[in-house]
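*Asks:* make a model of this:
(chains A, B, C and D)
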2 protein chains.
Amino acid sequence: MAEGYELPLLLFAGFRTLIDDLHAELARRGHPDVRPAYGFAMQAIGVRGASASEVGRRLGVSKQAAGKTVDRLEALGYVERVDDPADARRKLLRLTPRGIDSLAQSAEIFDDLRARWVTELGADRVELIESSLRTVVSGPTFPVDVPGWFS
Amino acid sequence: MAEGYELPLLLFAGFRTLIDDLHAELARRGHPDVRPAYGFAMQAIGVRGASASEVGRRLGVSKQAAGKTVDRLEALGYVERVDDPADARRKLLRLTPRGIDSLAQSAEIFDDLRARWVTELGADRVELIESSLRTVVSGPTFPVDVPGWFS
DNA sequence: GTAGAATCGACAACGTGGTTGTCGAAACAG
DNA sequence: CTGTTTCGACAACCACGTTGTCGATTCTAC
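*Replies:* Residues are numbered from 1 along each chain as shown, chains lettered A, B, ... in the order given. Presented below is the predicted three-dimensional model:
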């Protein structure tokens, strides 16, 4: 009988291994200063762009927190703010080519990392982990709101 | 072919579900103000006690950060500081009965949560997840240093 | 035994990632 | 046209981490 406390630790260790490996590889490919939180924020902006308030809603944080993260993203050259012609209150956030590239690289690296797990564990096991977790996590709730979770 | 980016999200969702459920149940059992980080810190102190510097080392954070967390734990009545008779520089950290209770409750709840997964997925699937993750996470590195990871 | 090095905990300053509250400007709804 | 909502900016604050410094104590080596 396994100890119950191991399960969350193993899940976290798996998550963390993937994220750490992602950022190590991302750094190697020219994106050394992308932090985990930035990836989620850029994902929330998306290739079509969004406003800071929208980003906050998608990430499950306040618009102020989203704005601060966007400040850093902007300073790093991953995101640019442009005036929204249709609404003078809004600033439209758009990914720069560099931002789009980091997202594309991330997707590629995640595929590679999953392939590595398939090599180590077998495709059936990896698929079984995925389907099991899909079953057990409550509904269609995807953790887009990863940042800010440790309250 | 599954998308690679889903795997970390699913692992995190599983981890988060367990931790959220733990704290909801912990709150119901008289520990409403235990935060995820506190559980790790109390685990690092252990029933035998430790110094702040030791806690920092075990958690992979600076002694200053450990000291701050201990301040909050002390204010909440989970930990007490006593002078170490053998070393006048040190303050020995010891779990109060309340602290020990929260740890015992946590272990119990984690067992219950794992049992729930066994009901939903079957014992073989849960064990397969555990053994697979043990294989794929690098070596015996257990994520004791969960807090402070999002740098 | 005593001089020098290492360690302990406290304190201060700072960075990052959150929060709430307020505010003026712009948009929307009646 | 007026009131309400929304947008983004700003300020103050909290949680949790970081370095650096410092006095006090202990350990080590001569």
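*Asks:* so A:G14 touches B:L133, yeah?
*Replies:* Yes: using C-beta atoms under 8 Å, A:G14 makes contact with B:L133 at a distance of 4.8 Å. For glycine as for every other residue, the C-beta is placed from the backbone atoms N, C-alpha and C.
*Asks:* between these two, who's got more neighbours?
*Replies:* A:G14 (26 against 23; other C-beta atoms under 10 Å in any protein chain shown).
*Asks:* host element of that one?
*Replies:* helix A:6-28 (DSSP states H and E).
*Asks:* would that helix count as contacting chain B?
*Replies:* Yes: on the criterion C-beta under 8 Å from any C-beta of the partner chain, helix A:6-28 is in touch with chain B at A:6-19, A:22.
*Asks:* any idea of the mean pLDDT for that helix?
*Replies:* Averaged across helix A:6-28, pLDDT comes to 92.
*Asks:* what do you get for stretch A:99-113?
*Replies:* 96.
*Asks:* likewise stretch A:129-139?
*Replies:* Averaging pLDDT along stretch A:129-139 gives 89.
*Asks:* any residue of it touching chain B?
*Replies:* Yes: applying C-beta under 8 Å from any C-beta, one finds stretch A:129-139 touching chain B at A:I129, A:E130, A:S132, A:L133, A:R134, A:T135, A:V136, A:V137, A:S138.
*Asks:* out of the residues you listed, which touch DNA strand C?
*Replies:* Taking C-beta under 7 Å from any atom of the strand as the test, DNA strand C is in contact with none of the residues of stretch A:129-139 next to chain B.
*Asks:* filter those down to the buried ones, ChimeraX style.
*Replies:* The buried residues among those can be selected in ChimeraX (16 or more other C-beta atoms under 10 Å in any protein chain shown) with this line:
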select /A:129,130,132,133,136,137
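*Asks:* farthest pair in the residues of stretch A:129-139 next to chain B?
*Replies:* Distances among the residues of stretch A:129-139 next to chain B were taken as C-beta to C-beta; the most separated pair is A:I129 and A:S138, at 17.5 Å.
*Asks:* grab the most central residue of chain A for me.
*Replies:* A:F40 (3.1 Å; C-alpha atoms, centre = their mean).
*Asks:* could you verify my assumption that it touches A:R58?
*Replies:* No: the criterion here is C-beta under 8 Å, and A:F40 misses it with A:R58 at 9.1 Å.
*Asks:* ok so, going back, what residues of the helix holding A:G14 count as buried?
*Replies:* For helix A:6-28, a neighbour-count test (16+ other C-beta under 10 Å) marks A:6-19, A:21-23, A:25-26 as buried.
*Asks:* that one close to DNA strand C?
*Replies:* No: judged by C-beta under 7 Å from any atom of the strand, helix A:6-28 stays clear of DNA strand C, getting no closer than 12.0 Å.
*Asks:* can you check stretch A:31-38 too?
*Replies:* Yes: against DNA strand C, stretch A:31-38 shows contacts by C-beta under 7 Å from any atom of the strand at A:R35, A:A37.
*Asks:* would you mark the buried spots in that stretch?
*Replies:* Buried residues in stretch A:31-38, counted by 16+ other C-beta under 10 Å: A:H31, A:V34, A:R35, A:P36, A:A37, A:Y38.
*Asks:* what residues does chain A have near DNA strand C?
*Replies:* A:35, A:37, A:59-62, A:64-66, A:68-69, A:72, A:87-89, A:147-148.
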